[in-house]
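Student: okay, structure incoming, though there's no sequence with it:
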């Protein structure tokens with residue numbers, strides 16, 4: 001399981017309280033392409049509190065997509081558009097997966 005960021009200093013009870021308020025665990029996507037090689041990757045997991053914007057976390061992964069995602073044939077543009085869509089719509093919610101793994 002990838003590292004979880006933004007959870008440092010919080011107790012399990014505090015995490016559960018934030019989750020009850022609507023917090024989520026989110027991952028972002030990025031694509032790197034070089035001619036005939038295209039690789040899709042996911043970021044670490046970010047703990048996003050209720051009402052907090054994901055934009056401050058997703059921008060760097062979207063920038064990687066813009067700079068390095070397009071250049072693979074044929075999948076670079078396809079995967080890049082998918083990754084940008086995921087990032088611009090708030091990332092992939094993996095809250096249930098994290099809770100299942102952590103038994104919270």
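Tutor: Cool, got the structure. Here the structure is a predicted model, which means the values were calculated and not measured.

Student: report the rounded mean pLDDT for the host helix or strand of residue 30.
Tutor: Assessed by DSSP states H and E, residue 30 sits inside strand 29-34. The average pLDDT within strand 29-34 is 96.

Student: who's in contact with the next helix or strand after that strand?
Tutor: Beyond strand 29-34 on the C-terminal side, the first helix or strand identified by DSSP H and E is strand 37-42. Outside strand 37-42, the residues within contact range by CB atoms under 8 Å, 6 or more residues apart in numbering are 2, 27-33, 69, 72, 75-76, 79, 83, 92. Using the backbone N, CA and C atoms, a C-beta is placed for each residue, glycine as well.

Student: now do the helices in the protein.
Tutor: 12-21, 55-68, 75-88, 95-102 (DSSP state H).

Student: in the second one, what counts as buried?
Tutor: Judged by neighbour count using 16 or more other CB atoms under 10 Å, the buried positions of helix 55-68 are 57-58, 61-62, 64-65, 68.

Student: in TSV, list the residues you listed along with pLDDT and distance to residue 15.
Tutor: Converted to TSV, those look like this (pLDDT from 0 to 100; distance: CB to CB, whole Å):
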residue	pLDDT	distance to residue 15
57	96	17
58	97	21
61	97	23
62	97	27
64	97	28
65	97	30
68	97	34
